[in-house]
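Q: only geometry, no sequence info:
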């Protein structure tokens, strides 16, 4: 006999948005509903119930989850993105609209630039609800589309399943290989059938990378050494448009590009630089005033919650939903220009 689905009791010190917004009344209203892909409230909240240190705690199984379980998702999206259920998202991937001459042509401050977006296939469940057959079908279509790319995007697709040790070592050395997801993704159902259906594509120049069936069905990444942010964005937008010739992405006018984690909705974009700011790092209050002004996030170079090394930080856009892709990258660029300006001023005082 299956276990009865009961209202979860969260400890007082739980800070997840799930624990904040899943009232008993909303739970009772939603607990027996399911989407056309048989995705339920129980599945949507599993990660946040299992992992009480979640920041958000919910995942969508398909685009329908955002409307069927809207009484839960809407307030979470409102708090995280400051975006109401009546707002409309706008997209703009026209790189000509980005004003971003290289802010560090001598390469003294910016070590590398990386811009990525998440994409999921239209008319297909998201990772938490997808079947093995559907996921394998996504991989087949994705690898065919990626292997057809030419010019400076031309490269090779490597399935993780059955990968030999030599290729695996090469991809690990390049920091391209991804592993099964952490405990948050595990509880969300995103590690099912691992590693079947997962893979990595990269171009010959190693400046363009796509992860297939990680947290999102496609994670499309453009990157290179140095600070030519516009060149990185141009390569990304060109690649997206080439892939879209073969694959329709899940998108709607309210939430933008649909992703399994509500934090990525909208542009589903993270635009970042690794930047060396040893002097500004000694005054974190001033550092944070600048990044807050431009809606940026400061991380250590090994990702979220990591510490800085040698005054090197990962700086990225914070806003994703309700702003365009060009705005996201412009925020990051303008903030980086300001950070370099202040760092130079502090150097002169030494």
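A: Perfect, I can see it now. Keep in mind the model is a prediction, meaning the values are calculated, not measured. Residues are numbered from 1 along each chain as shown.
Q: helices or strands next to the strand ranked longest in the chain in the packing?
A: For the chain, the strand that runs over the most residues, judged by DSSP state E, is strand 110-119. Judged by 3 or more CB pairs under 8 Å, 6 or more residues apart in numbering; DSSP states H and E, the packing partners of strand 110-119 are strand 218-225, helix 229-244, strand 256-257, strand 269-276, helix 325-348. C-beta coordinates here come from the backbone N, C-alpha and C atoms, glycine included.
Q: from the ones you listed, which stretch is densest packed?
A: Among these, ranked by average contacts under mean count of other CB atoms under 10 Å, first place goes to strand 256-257 (a mean of 25).
Q: contacts for that strand?
A: With contact meaning CB atoms under 8 Å, 6 or more residues apart in numbering, strand 256-257 is reached by 89, 91, 117-120, 249-251, 265-268, 321.
Q: could you dump these into TSV with pLDDT added?
A: Shown next, in TSV, are the contacts of strand 256-257 (pLDDT from 0 to 100):
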residue	pLDDT
89	97
91	96
117	98
118	97
119	98
120	98
249	98
250	98
251	97
265	97
266	97
267	98
268	97
321	96
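Q: ChimeraX command for the buried members of the residues you listed?
A: ChimeraX command restricting the contacts of strand 256-257 to the buried ones, with burial defined by 16 or more other CB atoms under 10 Å:
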select :89,117,118,119,120,249,250,251,265,266,267,268,321
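Q: out of the contacts of strand 256-257, who's nearest residue 239?
A: Nearest to residue 239 among the contacts of strand 256-257, counting by CB to CB, is residue 117 at 9.6 Å.
Q: please name the residues that touch the closest one.
A: By CB under 8 Å, 6+ apart, the neighbours of residue 117 are 219, 220, 236, 240, 257, 267, 268, 269, 325.
Q: next helix or strand past the longest strand of the chain?
A: Stepping forward along the backbone from strand 110-119, the first helix or strand reached (DSSP states H and E) is helix 132-147.
Q: give me the average confidence score over that following helix.
A: For helix 132-147, mean pLDDT is 97.
Q: in that helix, what counts as buried?
A: 134, 135, 136, 138, 139, 142, 143, 145, 146.
Q: reformat those residues as JSON lines; add distance to residue 215.
A: Supplementary listing: the buried residues of helix 132-147 in JSON lines, determined by distance: CB to CB, whole Å:
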{"residue": "134", "distance to residue 215": "16"}
{"residue": "135", "distance to residue 215": "13"}
{"residue": "136", "distance to residue 215": "18"}
{"residue": "138", "distance to residue 215": "13"}
{"residue": "139", "distance to residue 215": "15"}
{"residue": "142", "distance to residue 215": "15"}
{"residue": "143", "distance to residue 215": "18"}
{"residue": "145", "distance to residue 215": "19"}
{"residue": "146", "distance to residue 215": "18"}
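Q: closest one to residue 17 out of the residues you listed, please.
A: Residue 17 lies nearest to residue 135 out of the buried residues of helix 132-147, by CB to CB, at 27.7 Å.
Q: tell me how many other residues crowd the closest residue to that closest one other than its chain neighbours.
A: In this structure, residue 135 finds its nearest non-sequential neighbour in residue 197, 3.9 Å apart by CB to CB, 6 or more residues apart in numbering. Per other CB atoms under 10 Å, the neighbour tally for residue 197 reads 24.
Q: dump the residue contacts of the closest residue in space to residue 277 that isn't next to it in sequence.
A: Once flanking residues are discounted, residue 277 sits nearest to residue 343: 5.0 Å by CB to CB, 6+ apart. For residue 343, the contacting residues are 109, 277, 279, 280, by CB under 8 Å, 6+ apart.
Q: cool, residue 10 as well?
A: With contact set as CB under 8 Å, 6+ apart, residue 10 has these partners: 16, 18, 19, 52.
Q: next one: residue 259
A: Residue 259 is in contact with 60, 118, 120, 126, 215, 216, 265, 268, counting by CB under 8 Å, 6+ apart.
Q: can you give me the distance of it to residue 216?
A: Remark: distance between residue 259 and residue 216 (CB to CB, to the nearest Å) = 6 Å.
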